[in-house]
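[1] I'll drop the sequence and a predicted model, then ask my questions.
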Amino acid sequence: MLVNIQKYRKGLAVFAAALLLFLPCFQGMAQGAETMDPSRETSLTVYFGHEGTGFSGVEFQLYRVAEMSETGAFSLTGSFAAYPVSLKGLDSSGWRALAQTLDAYIARDGLSPERTAVTGGDGLASFSGLSTGLYLVTGNGYEQGRYTYTPESFLVSLPGLSPEGEWSYTQAVAGKYGSTYDPPGGSGGGDDGGTVSRKVLKAWRGDEGESRPEEITVQLLRDGDVYDTVTLNQENNWRHTWTDLEKGGRWQVAEEETPEDYTVSVSQEGITFVMTNTYGPSTDIPEEPVPGGGLPPVEYIQEELVPMAMLPQTGVLWWPVPFLACGGLFLFLIGWGRGRHEESER
């Protein structure tokens, strides 16, 4: 009888230990299955600065590009629904090109931002009370001495996913930026005595030339206004170079009219714009994307720059805990079973 009681106590102890060890596994599975709440408000803080020094008095603009489903799928909304762009299968360079493409459309068509905010002395611009969705962030330049710092437009998902796989409705990010130097004498680093050049290269993808148009028209924009238009075709190898452009201002390119069943994406590297037309419907968006696999990448602000209450709590990685706990339980049960086997052989 005493032996049975001892066995019962041992079994109860094993069950309790298993329950405690399995709990993190259940929690991990529950977190992985969490859906996004489209009715919740979100907030965004943007940092703009150089080497730890924030730039003050810089205006940032916020545009809601797409709605967001509970599973994290995006669908273009408002004026952006009319643009021939795709949100499908984008990597980091694809998200960057999409931001540049939409930025050019906004400048050309004079779209008004949903919100604006100005950075304070700490270089932070804050937006609150935002609906969930995909947002484009643009910003003005900042002059410091002979340097001009220009923020790069970027896309951010509100909410975003933390490393633990949980939806974070408070985002704090630092965008990338470019800088130009104006040396004494005012040449501005231009290509020739203060003038600059810009190039456009047309690339085609996914059509194998079957439905490709014979030509397309590209607009060169300066500060949002159409400065020039050119026609690209086989004769000029789908490329063009503008020379002797006045320095200053912001140069962008946009496709005047995108061919039917094509989407367009424009990426800029240096003075060259690569305009890619991809064959396929622009509405081909996965309904059930893998969480985190379809969200634009962003650079989180260092915690010392923003009060902890404003940051998504992403500093500690909790996702390995369930796997470690389950692994520990597996090893524990193997050891316990081996001990029982040895007792039975005695």
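    Yes, it's here.

[2] in stretch 120-137, which residues are buried?
    The neighbour-count check on stretch 120-137 (16 or more other CB atoms under 10 Å) flags 123-127, 130-137 as buried. (Glycine included, C-beta is placed from N, CA and C.)

[3] just to check, residue 200 is in contact with residue 230?
    Yes: counting by CB atoms under 8 Å, residue 200 sits close enough to residue 230 to count as a contact (7.5 Å).

[4] from the buried residues of stretch 120-137, which land in strands?
    Using DSSP state E, the subset of these located in strands is 124-127, 130, 133-137.

[5] still on that earlier bit, and for residue 200 and residue 230, which residues touch both?
    218, 220, 240 (CB atoms under 8 Å, 6 or more residues apart in numbering).

[6] tell me where the stretch 1-150 of the chain has helices.
    Listed in chain order, the helices of the stretch 1-150 of the chain (DSSP state H, counting those that start in this stretch) span residues 2-32, 92-109.

[7] same question, the stretch 201-346 of the chain
    Using DSSP H, counting those that start in this stretch, the helices found in the stretch 201-346 of the chain span residues 320-345.

[8] low-confidence stretches in it?
    For the stretch 201-346 of the chain, residues meeting the criterion pLDDT under 70 lie at 209, 281-294, 300-346.

[9] now the strands for it?
    Under the criterion DSSP state E, counting those that start in this stretch, strands of the stretch 201-346 of the chain are mapped to 215-222, 225-233, 239-246, 251-255, 262-269, 272-279.

[10] want to throw these into TSV with mean neighbour count and distance to residue 207?
    Written out in TSV, the entries for the strands of the stretch 201-346 of the chain read as follows (neighbours: other CB atoms under 10 Å; distance: least, CB to CB, whole Å):
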stretch	mean neighbour count	distance to residue 207
strand 215-222	18	13
strand 225-233	14	15
strand 239-246	15	18
strand 251-255	23	15
strand 262-269	21	8
strand 272-279	20	4
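
[11] would you format those as JSON lines with distance to residue 116 included?
    Conversion of the strands of the stretch 201-346 of the chain to JSON lines gives the following (distance: least, CB to CB, whole Å):
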{"stretch": "strand 215-222", "distance to residue 116": "21"}
{"stretch": "strand 225-233", "distance to residue 116": "21"}
{"stretch": "strand 239-246", "distance to residue 116": "28"}
{"stretch": "strand 251-255", "distance to residue 116": "20"}
{"stretch": "strand 262-269", "distance to residue 116": "24"}
{"stretch": "strand 272-279", "distance to residue 116": "27"}
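
[12] can you tell which of those strands is closest to residue 152?
    Of all those, strand 262-269 sits nearest to residue 152, with 9.6 Å by CB to CB.

[13] and that closest one with helix 92-109, angle?
    Between the axis of strand 262-269 and that of helix 92-109 there is an angle of 100 degrees, by axes from the mean of the first three to the mean of the last three CA atoms, to 10 degrees.

[14] partner strands of strand 262-269 and their direction?
    Strands that pair with strand 262-269, judged by DSSP bridges, come out as strand 272-279 (antiparallel).

[15] end-to-end on stretch 183-203?
    Separation of the first and last residues of stretch 183-203 by CA to CA, to the nearest Å is 36 Å.

[16] still on that earlier bit, got the buried residues of stretch 120-137 as CSV, with pLDDT and distance to residue 47 columns?
    Conversion of those to CSV gives the following (pLDDT from 0 to 100; distance: CB to CB, whole Å):
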residue, pLDDT, distance to residue 47
123, 95, 5
124, 96, 6
125, 97, 8
126, 97, 10
127, 97, 13
130, 98, 17
131, 97, 22
132, 97, 22
133, 96, 21
134, 96, 20
135, 97, 16
136, 97, 17
137, 97, 11
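
[17] domains in the chain, by residue range?
    When the chain is parsed with automatic domain parsing, its domains come out as 2-33+318-345, 42-310.

[18] just the ones you listed: most buried one?
    Stretch with highest mean neighbour count among those: domain 42-310 (a mean of 17; mean count of other CB atoms under 10 Å).

[19] which residue ranges form the strands in the stretch 51-200 of the chain?
    Using DSSP E, counting those that start in this stretch, the strands of the stretch 51-200 of the chain run over 53-54, 59-68, 74-76, 115-118, 124-130, 133-139, 142-144, 147-151, 154-158, 160-161, 167-168, 170-174, 177-181, 195-205.

[20] in TSV: those, plus distance to residue 90.
    As requested, these are exported to TSV (distance: least, CB to CB, whole Å):
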stretch	distance to residue 90
strand 53-54	30
strand 59-68	12
strand 74-76	10
strand 115-118	24
strand 124-130	22
strand 133-139	11
strand 142-144	29
strand 147-151	21
strand 154-158	9
strand 160-161	15
strand 167-168	20
strand 170-174	17
strand 177-181	22
strand 195-205	13
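
[21] what's the closest of these to residue 93?
    Ranking the strands of the stretch 51-200 of the chain by distance to residue 93, with CB to CB as the measure, places strand 154-158 first at 12.4 Å.

[22] got a list of what residue 78 touches?
    Each residue near residue 78 by CB under 8 Å, 6+ apart is listed here: residue 64.

[23] distance of it from residue 65?
    Going from residue 78 to residue 65 by CB to CB, to the nearest Å gives 8 Å.
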